[in-house]
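Peer 1: structure for the following, please:
(2 chains)
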Amino acid sequence: MVPVELFLALGAILFCIGLYGVLTRRHLVIVLVCIELMLNSVNINLIAFSSIGPFANITGQVFTLFVITLAAAEAAVGLAILIALYRNRESIDAIKQDLLRW
Amino acid sequence: MLSAFDANWSLMTPEIVLLCLALLIFTIDFMTGIKGSKPFLGRLSIISLLITAILVVLTNNVSGNIAQVFIVDKFAMIFKLIILVGVAFVITISMHYLEKNSDVYQGEFYSLLLFATLGAMIMVSSADLITLFVGLELLSISSYCLAGFKKRNKKSTEAAIKYVILGGVASAFILYGMSFLYGLTGTTGILEIGRDLGALYDQYPFIIMMSLLFMLVGFGFKISIVPFHMWAPDVYEGSPTPVTAFLSVVSKLAAFGLVLRMFIIAFGSIFDEWSFLLAIFAALTMIIGNFIALTQKNVKRLMAYSGIAQAGYLVVPLATTLTPDITMSIIAFYGIAYVMMTLGAFAVITLVTESAGKEDISSFNGLYYRSPFMAIAMTVFLVSLAGLPITAGFFGKVYIFIGAVTGGMIWLAVIMIATSIVSFFYYFGIIKQMYMNEPNENDEVLNPPLSLSVMVTVAVTVTLFLGFFPGLVTKYFNSFHWFF
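Peer 2: Predicted coordinates for the structure are as follows:
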């Protein structure tokens, strides 16, 4: 049986990769993908706790379904705004979005 | 455990009615065509909010819960009423704004605002991490759309994309914290977590602290406290002005409700571990918010930093060792004052910036000569925001100050007073411009629409009333238990 710590480590690594991507990548689509990565690391945590955690029960899996749904809704809105941004600016480079500062 | 059929669903009446009315407005919107202004939808939205507010008063004045997931208590009732009144004000402002910006696609604006309100109401009423997260995302996703509502405007879309990305990261942080909380306790119910956490903390102090910190980062983003505030000025500047008002008041107070319930109920047993941390954040928020506001030239950006500073004042009572009931009375009083003075100020700001066509502070030049009533109202709001006597903001700050001193956080109270004095400079800068300077060329006499004048009158009246008779409200607030 795989201990729960390994799943948590996997979740933590995914979360860090996602956060690193959000902070460093310039292409906004990749940034949105990295946010999904962070949310999926949460799903791994929840599923791990839900099946082999100290208090394993079904609630974690229900929570995961909600997280997946809301992540999809957020991605849909994010991509819609991305298209509006591209139409206005002809660029989705994160560095070039600099009208609003300080 | 109650089954879903035994639960007392009537407690959820206001939310269900608001959802139906929001869907109705959504339907009417796409039945009446894409183009053209739709002021009737605005009026209908205000009526929906009033109906919901009446239902909140009627059904939520008892304590109860639906299967420990959705909870109704005085805390939920008061916060819902504050939120509903705030949104009604925001809709009044947006009716004027949309009339001036008839090139903006007008459909869905009101229904999105109502869905966001629904999310806010669920947030303050939730007693379960899942419900709480769903409410939070309903509010956030609607707000992302609203921030980018002027879709042909470069600043608006830029604000929206920044908000989506940073909001998504904040949600991920909150969820990551929640996942550990669930893993350690095996439940997502806030009440159960609060019961078990004290004993669990001795066993796993590191993991619980980590989970708390992750959630604090996410919640700190939502209520825009320093050092998680950098999104706020950008998003507030780029968004349409009524949306800025919505974000800075309703969204912030709803997130505050969430923070209060999480920290007082769920993390209440390990108060000693996080109170000092929150005190430091509050101090940083007050100092940085007020000092950066001094340098701002754009009035919406100025209000953003002012809102950050106000969030700092609101965090102060949470970090003190007062009982939850007293903490809540202090915060709710300041919350009411904050809604009135900030939304009143935003009504005048919308009027002035839409007439001038720019958002520079200089558009306030000589406002007194263009519209004496609006200038005097704005003076009352700014004096209240600065926290000077016979306004609601003064007593709100006095209560926070007394609370901080009796709660053993004297250094925090001193920082609060010192930074309030700093804030006089930028608030009085606007007041000086309104009275001392000549109006700019091309600026005509302002003719505010009736609805906006009524709204500003209500806001001024409440601000002054709470300034003259604060005892009436605090007496009521101290007469019951806030939490279930």
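
Peer 1: show me where pLDDT drops low in the chain?
Peer 2: You didn't pick a chain, so chain A it is. Counting by pLDDT under 70, chain A has low-confidence residues at A:102.

Peer 1: the intended chain is chain B.
Peer 2: Applying pLDDT under 70 to chain B flags residues B:1-4.

Peer 1: for chain A, what's its nearest residue on it.
Peer 2: For chain B and chain A, the shortest gap (CB to the nearest CB) falls at B:Gly186, measuring 2.2 Å. From N, CA and C alone the C-beta is placed, and that goes for glycine too.

Peer 1: and the closest residue to that residue other than its chain neighbours, helix, strand or coil?
Peer 2: In space, B:Gly186 comes closest to A:Phe55 once its chain neighbours are excluded; the distance is 2.2 Å by CB to CB, 6 or more residues apart in numbering or on different chains. Judged by DSSP: H, G, I helix; E, B strand; the rest coil, the three-state class of A:Phe55 is coil.

Peer 1: let me see the contact set for the most far-flung residue of chain B relative to its centre.
Peer 2: Relative to the mean C-alpha coordinate of chain B, counting by CA atoms, centre = their mean, the farthest residue is B:Gln203 (36.7 Å). B:Gln203 makes contact with no residue under the criterion CB atoms under 8 Å, 6 or more residues apart in numbering or on different chains.

Peer 1: that one and B:Phe256: what is the separation?
Peer 2: As defined by CB to CB, to the nearest Å, B:Gln203 lies at a distance of 31 Å from B:Phe256.

Peer 1: ok, residue 49 - how many residues close by?
Peer 2: Because you didn't say which chain, this covers chain A. Here the neighbour count serves as a burial measure; for A:Phe49 (other CB atoms under 10 Å in any protein chain shown) it reads 29.

Peer 1: meant chain B actually
Peer 2: Quick note: B:Leu49 (other CB under 10 Å) scores 24 neighbours.

Peer 1: single out the residue in chain A that lies closest to chain B.
Peer 2: Closest approach between chain A and chain B, counting by CB to the nearest CB: A:Phe55, at 2.2 Å.

Peer 1: you'd agree that residue is up against B:Leu181?
Peer 2: No. A:Phe55 sits out of contact with B:Leu181 when judged by CB atoms under 8 Å, with a separation of 11.5 Å.

Peer 1: more crowded one of those two?
Peer 2: Set side by side, A:Phe55 and B:Leu181 give different neighbour counts by other CB under 10 Å, the larger being at B:Leu181 (25 against 15).

Peer 1: what's the nearest residue to that one if we skip its chain neighbours?
Peer 2: With CB to CB, 6+ apart as the measure, B:Ser211 is the residue that lies nearest to B:Leu181, at 5.0 Å, once sequence neighbours are left out.

Peer 1: quick check: that neighbour touching B:Met178?
Peer 2: Yes. With contact defined as CB under 8 Å, B:Ser211 and B:Met178 form a contacting pair (7.5 Å).

Peer 1: doesn't A:Ser50 make contact with the residue of chain B closest to chain A?
Peer 2: No. Contact between B:Gly186 and A:Ser50 fails when scored by CB under 8 Å: they sit 9.2 Å apart.

Peer 1: list residues touching both of the two?
Peer 2: A:56-57, A:59.

Peer 1: top of these by number of neighbours, please.
Peer 2: Ranked by neighbour count (other CB under 10 Å), these have A:Thr59 at the top, with 20 neighbours.

Peer 1: in contact with the closest residue to that one other than its chain neighbours, which residues are there?
Peer 2: Leaving aside its sequence neighbours, A:Thr59 sits nearest to B:Thr188 (CB to CB, 6+ apart; 5.4 Å). B:Thr188 makes contact with A:59, A:63, B:128-130, B:178, B:182, according to CB under 8 Å, 6+ apart.

Peer 1: buried residues, the longest helix belonging to chain A. List them.
Peer 2: When chain A is parsed with DSSP state H, its longest helix is helix A:59-89. Taking 16 or more other CB atoms under 10 Å in any protein chain shown as the neighbour-count basis, helix A:59-89 is seen to contain the buried residues A:59-60, A:63-64, A:66-67, A:70-71, A:74-75, A:77-78, A:80-82, A:84-85, A:88-89.

Peer 1: go on, stretch B:225-232?
Peer 2: The neighbour-count check on stretch B:225-232 (16+ other CB under 10 Å) flags B:225-226, B:228-229, B:231-232 as buried.

Peer 1: just the ones of the residues you listed in helices?
Peer 2: Among the buried residues of stretch B:225-232, the residues falling in helices (DSSP H) are B:231-232.

Peer 1: reformat the buried residues of stretch B:225-232 as JSON lines; add distance to B:Gly312.
Peer 2: Converted to JSON lines, the buried residues of stretch B:225-232 look like this (distance: CB to CB, whole Å):
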{"residue": "B:Ile225", "distance to B:Gly312": "6"}
{"residue": "B:Val226", "distance to B:Gly312": "7"}
{"residue": "B:Phe228", "distance to B:Gly312": "12"}
{"residue": "B:His229", "distance to B:Gly312": "10"}
{"residue": "B:Trp231", "distance to B:Gly312": "16"}
{"residue": "B:Ala232", "distance to B:Gly312": "12"}
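
Peer 1: now the helices for the stretch 101-250 of chain B?
Peer 2: If you assign secondary structure with DSSP state H, counting those that start in this stretch, the helices in the stretch 101-250 of chain B sit at B:109-125, B:129-147, B:154-185, B:190-203, B:205-222, B:231-238, B:241-246.

Peer 1: does chain A sit close to whatever helix or strand comes next after the last one?
Peer 2: Using DSSP states H and E, the next helix or strand after helix B:241-246 towards the C-terminus is helix B:252-261. No. Where contact is defined by CB under 8 Å from any CB of the partner chain, no part of helix B:252-261 touches chain A; the two come within 15.5 Å at best.

Peer 1: quick one: contacts of the helix or strand following helix B:252-261?
Peer 2: The C-terminal neighbour of helix B:252-261 among helices and strands, as given by DSSP H and E, is helix B:271-293. In this structure, residues lying in contact with helix B:271-293 by CB under 8 Å, 6+ apart are B:201, B:209, B:212, B:216, B:220, B:225-227, B:229, B:263, B:267, B:302, B:305-313, B:315-316, B:318-321, B:409, B:411-412, B:415-416, B:419-420, B:422-423, B:426.
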